[in-house]
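A.B. asks: Fold the following for me, if possible:
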Amino acid sequence: MDDKTLRDNRLIFYKDDIEKINKLLEEFINVSGSKCAFLVDKSGHLITQEGIITSFNPETLSALIAGSFAATKEMARILGESEFSVLFHQGKKDHIHISLVSDRAILAIVFDETTTIGMVRLYTHETIDKLEKIFKVVSTKTRAANEIVREDFASTAKDELDSLFKE
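C.D. replies: Below you'll find the predicted structure:
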């Protein structure tokens, strides 16, 4: 992916956006019985998290989640799929359910034996639908902000060049 595509696909989250997402993740944790939820961008940066995190570094897990998704995307390509949108890793006591959100982010849910994969999957679908709506609004704000920055930069650069080369 080139720099322009990365810039065009990047979302800029403002405080109110993160607050909405955090509320949504908190609701998800409460209804599903999960331990914690992470929203990670596809490059591995933690966007936000909710829930109980005691035994691991969230930033490290975020990078590993994105790496796992990237590796799985290549496996999907080899099998003739464009991408697998859901991953599930089952441990002895903790499990992680990982889902793609709008081809822009990854939702990772950590849960244990007090809930079931069925509960997590059910509420994940609902949460992703709500996140996609938030992302549409954020995308609109991001495009508008990028246009303002481009216009301001172009105007400032022109003024500076005129000033520099003025006789």
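A.B. asks: List phi and psi for the residue positioned nearest the centre of the chain.
C.D. replies: Centroid-nearest residue in the chain: residue 105, 2.8 Å away (criterion: C-alpha atoms, centre = their mean). Note on residue 105: its backbone torsions stand at phi -150, psi 170 [degrees, to the nearest 10].
A.B. asks: just residue 107 next, same as before
C.D. replies: phi -100, psi 120.
A.B. asks: ok, now the one 5 residues further on?
C.D. replies: When read as degrees, to the nearest 10, the backbone of residue 112 gives phi -130, psi -160.
A.B. asks: quick one: contacts for it?
C.D. replies: Contact analysis of residue 112 by C-beta atoms under 8 Å, 6 or more residues apart in numbering lists 35, 93-95. For glycine as for every other residue, the C-beta is placed from the backbone atoms N, C-alpha and C.
A.B. asks: Which parts of this structure are helices?
C.D. replies: Under the criterion DSSP state H, the chain contains helices at 3-9, 15-32, 58-78, 117-165.
A.B. asks: for the second one, packing partners?
C.D. replies: Put plainly, it is helix 15-32. Packed against helix 15-32 by the contact rule (3 or more C-beta pairs under 8 Å, 6 or more residues apart in numbering; DSSP states H and E) you find strand 36-41, strand 46-51, strand 105-112, helix 117-165.
A.B. asks: Check the third one too.
C.D. replies: Packed against helix 58-78, as judged by 3+ C-beta pairs under 8 Å, 6+ apart, are the following elements: strand 36-41, strand 46-51, strand 86-90, strand 94-101, strand 105-112.
A.B. asks: of the ones you listed, which approaches residue 133 most closely?
C.D. replies: For the helices and strands packed on helix 58-78, proximity to residue 133 was assessed by C-beta to C-beta; strand 94-101 is nearest, at 11.0 Å.
A.B. asks: That closest one: how far from the chain's middle?
C.D. replies: 12 Å (C-alpha atoms, centre = their mean, to the nearest Å).
A.B. asks: again, but for stretch 52-64
C.D. replies: On C-alpha atoms, centre = their mean, the centre of stretch 52-64 falls 15 Å from that of its chain.
A.B. asks: give me every residue that touches residue 93.
C.D. replies: Contacts of residue 93 by C-beta under 8 Å, 6+ apart are 112-113.
A.B. asks: separation between it and residue 56?
C.D. replies: Counting by C-beta to C-beta, to the nearest Å, the gap from residue 93 to residue 56 is 13 Å.
A.B. asks: cool, residue 16 as well?
C.D. replies: With C-beta to C-beta as the criterion, residue 16 and residue 56 are 29 Å apart.
A.B. asks: Much appreciated, bye for now.
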